[in-house]
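# attaching a predicted model along with its sequence, questions to come.
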Amino acid sequence: MADLHYTRNFGIAAHIDAGKTTTTERILYYTGVNHKMGETHDGGATTDWMAQEQERGITITSAAVTCFWNFPTSQGKKLPESKQYKFNIIDTPGHVDFTVEVERSLRVLDGLLALFCAVSGVEPQSETVWRQANRYKVPRIGFVNKMDRAGADFLNVVKQVREMLGAKAVPLQLPIGAEDSFKGVVDLITMKGIIWNDTDKGMTYEEVPIPEDMKAEVDQYRQELVEAVAEYDEKLLEKFFDDPNTITEEEMHEAIRKATIDISIIPMMCGSSFKNKGVQKALDAVVRYLPSPKDIESIKGVNPDTNEEELRHADPKEPFSALAFKIMTDPFVGRLAFFRAYSGHLDAGSYVLNTRTGKNERISRIMQMHANKQNPVEFIDAGDIGAAVGFKDIKTGDTLCNEDHPIVLEAINFPDPVIAIAIEPKTQADVDKMGLAIAKLVEEDPTLRVNTDEETGQTILRGMGELHLDIILDRLKREFKVEVNQGAPMVAYKESFNATIEHREILKKQTGGRGKFADIIFEIGPADAEWLKEQDGKSNFQFVNSLFGGSIPKEFVPAIQKGFETAMTTGVLAGYPMESMKVNVKDGSFHQVDSDSMSFELCAKQGYREAGRKAKPQLLEPIMKVEVLTPDQYMGDVTGDLNRRRGILEGMDTKHGLQVIRAKVPLSEMFGYVTQLRSLSSGRATSSMEFSHYAPAPTNIAEEVVAKSKGKVKVEE
């Protein structure tokens with residue numbers, strides 16, 4: 001049985017192009033898994049195994065790898081296997097369209113290596129990743145990559161992490177040189193310089209005295225480091241003021257570890273993964289400061305039989321519990337369910353209970369994943385990450401557990417899609433193939449939604465962005481050999497109510513024999529802001545039961561709730577889903593013979609449609625957070641173009657000689673923006689965009705959308 005103190009489950013996450021995959025490649029090389037470094041730009045990276053990733057040089061799907069690290073002898077010497085640290089690493093995408101991959105990875109990881117580009121610093125997707133990590137309370141280490149690039153500034157990035165992310169970032173190192181002259185770091189704990197050897201691709205390094213011109217700066221940042229962690233060890237502060245030389249390295253490491261696990265500080269390190277500098281020290285920091293499965297809080301769940309909260313500890317002797325966080329289809333082994341085991345022990349060939357379906361699933365084989373390659377293992381223990389093969393019905397977010405000790409772990413929240421396209425198969429032969437292919441893709445990717453337009457019969461795919469849907473269509477063609485025609489992109493609008501009104505709905509179908517009767521009086525309107533805040537995306541339907549005196553039997557109440565909840569997926573204005581809704585059922589009546597659950601469900605649906613029209617419904621459009629980097633001379637053209645697109649400018653900064661323009665712009669105005677920006681700036685400006693929020697659409701836009709939905713306006717393909 002492996003000692004869990006020697007296990008680290010961590011992810012690598014950052015904005016696009018900060019060097020996540022390159023860093024993962026270096027980790028696999030230094031840990032001895034790979035004997036050759038693959039590069040992202042030439043399509044040779046281990047974790048970028050999809051054809052689309054290799055062609056585009058970006059990460060699309062998160063990939064899990066397992067490796068072992070010799071700590072503390074990271075300079076080529078081998079430790080006995082029992083003393084090596086086991087790393088389960090997930091390399092995540094940086095593009096906002098694939099943010100779901102980061103979300104589900106952070107849900108099951110214990111720590112995060114957050115990468116920042118030494119030139120660009122904190123970028124929009126860095127903020128998104130940070131918010132996700134805050135939501136799941138994941139301890140982090142910051143690694144400022146690309147120190148060899150022109151304009152690299154480690155301390156400026158540390159400052160940005162403090163100001164823009166609100167984190168207590170504390171440097172553990174200072175760089176020796178920067179840009180072309182970057183060659184190593186000064187360790188503020190050992191108070192020694194470290195220079196990497198270029199001859200062996202940075203596998204070894206030398207310890208050197210602190211350069212004379214850095215001594216004052218090193219002393220200043222060493223003092224800041226001690227003060228930052230002193231609240232975790234007051235003796236440290238006393239020692240520092242009495243005699244700083246008496247502070248031992250172990251005391252420093254112990255205090256930093258406690259503060260990091262508590263998310264009170266973010267240790268900051270630097271290096272250049274591409275130039276093979278700094279990665280080993282980052283791995284040593286992962287071992288020293290990020291938690292093992294034993295160091296994190298025990299996972300909370302609910303017993304489905306008693307509805308009581310239960311804890312499961314990271315112990316192989318406890319009943320088995322795990323969360324399935326990703327489904328993948330492999331051409332050789334079929335469907336794989338990636339899962340994180342939180343407690344207990346699972347043997348290959350045994351059964352687990354899926355608490356969503358209430359059915360047992362046989363896990364015929366268990367795999368340890370290495371990107372898209374599988375290594376079969378006999379069993380998996382608490383604290384580990386693996387993939388199951390041979391199941392019938394497991395979806396992302398399902399809890400797998402021991403059938404005698406059922407538990408439901410908190411599922412994963414996924415953002416709603418903001419963009420849609422209509423597709424149809426090119427030939428009759430593609431019709432059935434398309435249905436099967438889309439079913440598999442939807443199973444893999446919870447942010448991909450599909451529905452059929454009742455009027456046109458077209459299949460509507462909804463996703464997180466143009467790139468997301470572009471990749472899906474590419475996969476349909478390549479992996480599933482399905483040819484499709486596609487329509488122009490469409491915006492995923494939502495609807496909301498502006499007023500709360502009271503309404504009485506009576507359903508009466510009594511024509512002799514058993515009829516249908518239901519009568520409900522209810523209030524309908526937008527959900528309470530406080531309630532929505534508490535839900536944090538888990539639910540958008542607030543149902544209040546104010547019935548009294550048995551006016552409606554309590555067994556019919558769930559049917560009323562279900563009726564309203566089902567109905568709100570189709571808005572009363574243009575058929576778009578409701579953003580949020582509150583229903584308060586106050587009174588009603590029933591018939592001894594003709595009333596049943598179905599009657600009350602139908603009555604609720606009918607009542608929603610009638611009352612919804614009076615509750616001042618309005619159309620909401622998705623607003624995107626846009627950041628543009630442009631040279632000075634194109635500034636006027638870029639801002640003018642954003643204004644034409646109904647953009648609201650929120651601020652401008654200067655970063656490395658470029659102007660940074662931040663704006664909020666409706667998504668409907670942003671189709672094809674990248675191409676337009678290139679032509680405005682002779683190809684020199686770049687932009688990034690992520691979803692911000694939904695806001696009421698202007699009257700003229702809303703009228704046009706509503707008219708289109710009712711077929712008054714011919715939709716141009």
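Noted; the coordinates are in hand.

# chain center to stretch 384-394, what's the gap?
How far stretch 384-394 lies from its chain's middle: 21 Å, per C-alpha atoms, centre = their mean, to the nearest Å.

# check stretch 488-496 too.
22 Å.

# contact partners of it?
416-422, 460, 462, 466, 469, 526, 571-574, 576-580, 617-622, 667-668, 671, 694, 696-697, 705, 716-717 (C-beta atoms under 8 Å, 6 or more residues apart in numbering). C-beta: built from backbone N, CA, C; applies to glycine.

# residues near the nearest residue to Glu690 once chain neighbours are set aside, how many?
Distance criterion C-beta to C-beta, 6 or more residues apart in numbering; nearest residue to Glu690, sequence neighbours excluded, is Val96 at 4.1 Å. Neighbour count for Val96, taken as other C-beta atoms under 10 Å: 22.

# now swap in the one 4 residues further on and tell me
Val100 sits with 22 neighbouring residues when counted by other C-beta under 10 Å.

# ok, the one 4 residues further on next?
Using other C-beta under 10 Å, Arg104 is surrounded by 25 other residues.

# returning to that earlier point: pretty sure the residue nearest to Glu690 contacts Ser126?
No. Using C-beta atoms under 8 Å as the test, Val96 is too far from Ser126 to be in contact (11.1 Å).

# which parts of the stretch 351-500 of the chain are helices?
With DSSP state H, counting those that start in this stretch applied, the stretch 351-500 of the chain shows helices at 429-444, 466-478, listed in chain order.

# what does the stretch 51-200 of the chain give?
In the stretch 51-200 of the chain, the helices defined using DSSP H, counting those that start in this stretch lie at 51-56, 99-108, 124-135, 154-165.

# which strands or helices does the last one pack on?
The one in question is helix 154-165. strand 111-117, helix 124-135, strand 140-145, strand 169-171, strand 173-176, strand 266-270 (3 or more C-beta pairs under 8 Å, 6 or more residues apart in numbering; DSSP states H and E).

# got a list of contacts for the second one?
Just to be clear, that refers to helix 124-135. Residues contacting helix 124-135 (C-beta under 8 Å, 6+ apart): 13-16, 18, 94-96, 99, 102-103, 106, 112, 114, 116, 140, 164-165, 167, 536, 625, 627, 688-690.

# quick one: work out the angle between it and helix 154-165.
Inter-element angle recorded for helix 124-135 and helix 154-165: 60 degrees (by axes from the mean of the first three to the mean of the last three C-alpha atoms, to 10 degrees).

# quick one: helix 124-135 to chain centroid distance?
Its chain's C-alpha centre and that of helix 124-135 lie 8 Å apart, by C-alpha atoms, centre = their mean.

# for it, output the C-alpha coordinates as CSV.
Extracted in CSV, the C-alpha atoms of helix 124-135 (Å, rounded to 0.1, in the frame of the first residue of the first chain):
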residue,chain,number,x,y,z
PRO,A,124,-7.8,37.4,-18.7
GLN,A,125,-7.8,33.6,-18.6
SER,A,126,-5.3,33.8,-15.6
GLU,A,127,-8.1,35.6,-13.7
THR,A,128,-10.7,32.9,-14.7
VAL,A,129,-8.5,30.1,-13.6
TRP,A,130,-7.8,31.9,-10.3
ARG,A,131,-11.5,32.3,-9.6
GLN,A,132,-12.1,28.6,-10.3
ALA,A,133,-9.2,27.7,-8.0
ASN,A,134,-10.7,30.0,-5.3
ARG,A,135,-14.1,28.3,-5.7
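
# and Lys477, what does it touch?
For Lys477, the contact set (C-beta under 8 Å, 6+ apart) comprises Glu483, Val484.

# who's in contact with Ala337?
Ala324, Lys326, Ile327, Ala387, Ala388, Phe391, Ile394.

# now it: which helix or strand?
Ala337 is part of strand 334-343 when elements are defined by DSSP states H and E.

# please apply the same query to Ile560.
helix 557-567.

# for the spatially most central residue of the chain, what are its contacts?
The structure's the chain has its C-alpha centroid closest to Glu103; by C-alpha atoms, centre = their mean the separation is 1.9 Å. Glu103 sits next to Gln132, Ile412, Asn413, Phe414, Pro415 when contact means C-beta under 8 Å, 6+ apart.

# strands - which of those residues land there?
Among the contacts of Glu103, no residue falls in strands (DSSP state E).

# next, give me the two most distant ones among those residues.
Of all pairs drawn from the contacts of Glu103, the greatest distance, 11.7 Å, lies between Gln132 and Phe414 (C-beta to C-beta).

# can you select the buried ones among the contacts of stretch 488-496 for me in ChimeraX?
Buried residues within these, by 16 or more other C-beta atoms under 10 Å, are selected in ChimeraX with:
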select :416,417,418,419,420,421,422,460,462,466,469,526,571,572,573,574,576,578,579,580,617,618,619,620,621,622,667,668,694,697,705
